[in-house]
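Colleague: Structural data only, the sequence is not supplied:
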């Protein structure tokens, strides 16, 4: 008999691997669906399958825990059960010999403690008190609840104008979102269980780029009500659009030269071309919206607006830069990302020719600054980040884009001080190499490693570590704020200021375009209601009848990018849209959860709001 | 040496000491359940968990060593809660019908649960039922198994067999016969080591006590007991008797009171075995040394241990022709009792009911062999009881052993020599055989302790003696894994012996699988000392000097290896098959 054998992968092992992949895909897209107690029970049971059977807490404890959770689900539990569940999970966590057991125990404990209300609801009422968040998963995942299966079916039918119309029922900026939305809808796409989630972003872009004709929305008869909107970013524009469609008179006050807010002053043109943004804004304005540009609203002005208008919507965004708090941070040559991108938004292009640039930060803004710097002629661009690349909050595509364009990412590198030359100008960034360690607030946190500090020589440093809200003037006049954010009631109204509403980044803190758009939509509905109306926003297009196609496995079409070497010399769009062939195929992948599954019972389609 | 703090006690212990042993060194007893030193240090039950400062998770004390500066807490609320929960979890898969369990009162799970003050079972019961052929002498009740894995380990590591395995994983993890085969279809030696290492009642011998009670109640039956050598070292352990009190004579007295017609001593037939096996050895050596085509191979191997015979037949059939054809003392006794002695008493063989009290489970298989029958086809030995069964019978008879006087064993089958008594310990058969072989060759007795070179506790020992100018190479092995190594070496030609003694159980019969159980304590050495002392103090220390054996040959058998001896006292190991 041979002493050793070459490892061979058995057929069963291959099947096991496939099933693990399938399960992983399923879990990745299904977090909206389960009852917390059902899920915990299944989780515990799944964990128990990994037990080797050696140790008591893992082998017996997980099964006993499952029994107790079944008792909860079957209405056979009482408060003692909950205490026993917790004690059992604690024992599994504390006394298991290996991670199979103690990590299962920890997950169970997290679930039991995090879902305690749901457990108690089951025990006391013998029913699940958890909101059924998932009706149609993509729609549920979209903050604006855009009718995604609906417009995809229209794209598939070749009716792109109707698709755009349907999108505008919930989101008046489909062109913008087709380019820069963070697409949380895809995170929950049920198609992910089959192969890959739908490329919803790309289909939306395709629809906006292939409209058969333009159209104008129907405007309700004039109500005579006047609404002032402070801030012309996505929240303000969204709110303005719906209010004007409802027949109200709307005026937008914008402190800068152009509308668009962060869409213009935060996102570079190669991701969101200026002319496309402007044409979408113009389309909205054509509904009959007044705009006052370069009109900053201070506290006194706000009071005046309150008096002159029937309602005021505050959507000032989050445009103030955050500071690192490092020595010499105020030296010439150190600038904030916000200021740089704002200047570009106003077509004032800094000349970075032959300069070495350091960008501090790991979010999308840091990538935007770095990639803009490349286009501005920088000789070398380094992105300094104190955690690892995989910890960056920037989207993977943005990170990859920056790297492809020649930006160097220095991970695990923490800025310590700005070095200045004899003239006091920044000439380098002193950094301390880091080592990744224990998690803090959910993410592995870095700490200083034993390596020595070093200096990255450069001519210019951009700080991109987040934005703040300029809420102080309003806070001074009595608007309640917390951590700079303006506090509102759940309907968006500002307490103590009759008729004043607020939303977007200034209320949530820096967030995504689609959340701001939804904030504007919500505000429009609630302002309409406040003014005593009940206008409905709906659709006048028939959807194509559903065709049974059967399920065919098919990969997801991704957007292609222009060659890096070519694109760094201009500000044109980097990503190229889907071809018609790709769009047809991609649209046909949609599982139509509005019809199949729970969607055919409840919430398959929201025709109006 | 490392310095550690356990429950506030600062102590210094050698490096590589486990937390469990370090705690014991300062008088802190951490409860354990699955742990068996050197054999099962897997940390599976999680009962011995302790808190180590700086570690979030609890740590098993049995298989983690102390580190310098370690601060250990063995009894915090966190520790107690985990221990209690883990025992409650085990109880959820355990048939807790303690009142009808053979291990009640001697069950580690029961003790641990009682000690922890567990008075309710909060978890739903999931008791595993396994199918089992209850005619087999070894019985597994998975209703009671707590998956401590000890049986797997002892069978694999000590016996080299691997009868048991973890047959499922995860929450259905179950210990059973490897591959879930019926026990009757695998090569289990029936040694019973799994039983004596089981902390609960999941493993036990088939209980044959009712059959003995029934026989004793039958006025037509002459019930003859034989008591194996090693029984006298241990039978009092569970009855609260000291080794001095628990004499074989007191057991004789109890068995008579219980209803035995005669109580004899297997020491007698051990002496008889020596006469047959010793003669066989000398014949074989002579024929071997003479050479020629028919020259038999050496070494000759002992045959008195049925666990070993089962093992060699199953795993090393090529060596079966070298196993002595002499029956074991138990079977020689049965054969003599139902022939010569029945005749002497004037009773028919069918009315004689032979009961043997053995430290052994495999003896139950041996007595049931198709070859171990008399003229009428009835078994020579009707029932084999383990020491544990006999103890249960004493209890069931409501006897207070301390109040019984010693009673001499009945003659003539009740007298054995010091050579017969050491059959119960490793090396004893070898030593007894050499004493008589020397006499048979040289014509005079050697010094009784001349062959003490074969004593000891190493698993595989060798010695060389001079037998009247012929160098005699002998070896002794105990524990079947050691026997396997020895046979492998023989097979390779790496070693050469003339005579080999093998006992399946570690320490020999004193460590037998039918002995009383004291969890976590190996008592073989202590029990062996009893046998050695009995031999040392015996008036006769040579089997060939046993007057009753001599009379037996004179009146009935003629001489060792005579035709009648061959018929009654020898057997054909190839006449039955192992699975």
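Modeller: Yes, it's here. Being a predicted model, the structure only gives us computed values, none of them experimental. Residues are numbered from 1 along each chain as shown, chains lettered A, B, ... in the order given.
Colleague: now what about stretch A:76-88, what contacts it?
Modeller: A:61, A:64-65, A:68-69, A:71-72, A:109, A:112-113, A:116, A:119-120, A:122-123, B:81, B:85, B:89, B:122-123 (Cβ atoms under 8 Å, 6 or more residues apart in numbering or on different chains). The C-beta positions use only the backbone N, C-alpha and C, and glycine is treated the same way.
Colleague: model confidence over it, on average?
Modeller: Stretch A:76-88 comes out with an average pLDDT of 95.
Colleague: Give me the subset of the contacts of stretch A:76-88 that lies in helices.
Modeller: A:64-65, A:68-69, A:71-72, A:109, A:112-113, A:116, A:119-120, A:122-123, B:81, B:85, B:89 (DSSP state H).
Colleague: Filter the residues you listed down to the buried ones.
Modeller: A:64-65, A:68-69, A:71-72, A:109, A:112, A:119, A:122-123, B:81, B:85, B:89 (16 or more other Cβ atoms under 10 Å in any protein chain shown).
Colleague: Output those as JSON lines; include the columns distance to residue A:355.
Modeller: Written out in JSON lines, the entries for those read as follows (distance: Cβ to Cβ, whole Å):
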{"residue": "A:64", "distance to residue A:355": "65"}
{"residue": "A:65", "distance to residue A:355": "60"}
{"residue": "A:68", "distance to residue A:355": "64"}
{"residue": "A:69", "distance to residue A:355": "61"}
{"residue": "A:71", "distance to residue A:355": "68"}
{"residue": "A:72", "distance to residue A:355": "63"}
{"residue": "A:109", "distance to residue A:355": "52"}
{"residue": "A:112", "distance to residue A:355": "55"}
{"residue": "A:119", "distance to residue A:355": "59"}
{"residue": "A:122", "distance to residue A:355": "62"}
{"residue": "A:123", "distance to residue A:355": "65"}
{"residue": "B:81", "distance to residue A:355": "63"}
{"residue": "B:85", "distance to residue A:355": "64"}
{"residue": "B:89", "distance to residue A:355": "66"}
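Colleague: Quick check: the two most widely separated of the residues you listed?
Modeller: Checked with Cβ to Cβ, those reach their widest spread between A:122 and B:81, with 24.7 Å between them.
Colleague: From the contact counts, what lies against the strand or helix carrying residue A:138?
Modeller: If you go by DSSP states H and E, residue A:138 is part of helix A:137-141. Counting contacts by 3 or more Cβ pairs under 8 Å, 6 or more residues apart in numbering or on different chains; DSSP states H and E, helix A:137-141 packs against helix A:148-156, helix A:184-187.
Colleague: For the last one, the averaged confidence score.
Modeller: This means helix A:184-187. Mean pLDDT, helix A:184-187: 94.
Colleague: which strands and helices sit next to it?
Modeller: For helix A:184-187, the contact count by 3+ Cβ pairs under 8 Å, 6+ apart identifies helix A:137-141, helix A:200-209 as packing neighbours.
Colleague: ok, and what's touching the last one?
Modeller: The contact list for helix A:200-209 (Cβ under 8 Å, 6+ apart) reads A:138, A:148, A:151-152, A:154-155, A:160, A:163-164, A:167, A:174-175, A:177-179, A:181, A:183, A:185-186, A:189, A:557-559, A:577-578, A:582-583, A:586-587.
Colleague: burial count for the residue of the stretch 101-250 of chain B at minimum distance from chain A?
Modeller: Closest contact between the stretch 101-250 of chain B and chain A, by Cβ to the nearest Cβ, is at residue B:173 (2.5 Å). Around residue B:173 there are 21 other residues, counting by other Cβ atoms under 10 Å in any protein chain shown.
Colleague: Surely it touches residue A:53?
Modeller: Yes. Distance between residue B:173 and residue A:53: 2.5 Å, which falls inside the contact criterion (Cβ atoms under 8 Å).
Colleague: Overlap in contacts, the two.
Modeller: Common neighbours of residue B:173 and residue A:53 are listed as A:59, B:147, B:166 (criterion: Cβ under 8 Å, 6+ apart).
Colleague: okay, now the domains of the chain?
Modeller: Picked chain A for this. A:34-125, A:137-215+A:545-600, A:226-319+A:469-530, A:324-466 (automatic domain parsing).
Colleague: Sorry, I should have been clearer: chain B.
Modeller: Split by automatic domain parsing, chain B gives B:2-75, B:122-205, B:209-268+B:330-403, B:279-321+B:415-575.
Colleague: can you tell me which residues contact the residue of the stretch 51-200 of chain A found nearest chain B?
Modeller: When you check the stretch 51-200 of chain A against chain B by Cβ to the nearest Cβ, the closest residue turns out to be residue A:53, at 2.5 Å. Residue A:53 makes contact with A:59, B:147, B:166, B:168, B:169, B:170, B:171, B:172, B:173, according to Cβ under 8 Å, 6+ apart.
Colleague: Just among the shared contacts of residue B:173 and residue A:53, which is most surrounded?
Modeller: Among those, residue A:59 has the most neighbours (other Cβ under 10 Å), with 27 neighbours.
Colleague: Got the phi and psi for that one?
Modeller: Torsion angles at residue A:59 (phi, psi; degrees, to the nearest 10) stand at phi -70, psi -50.
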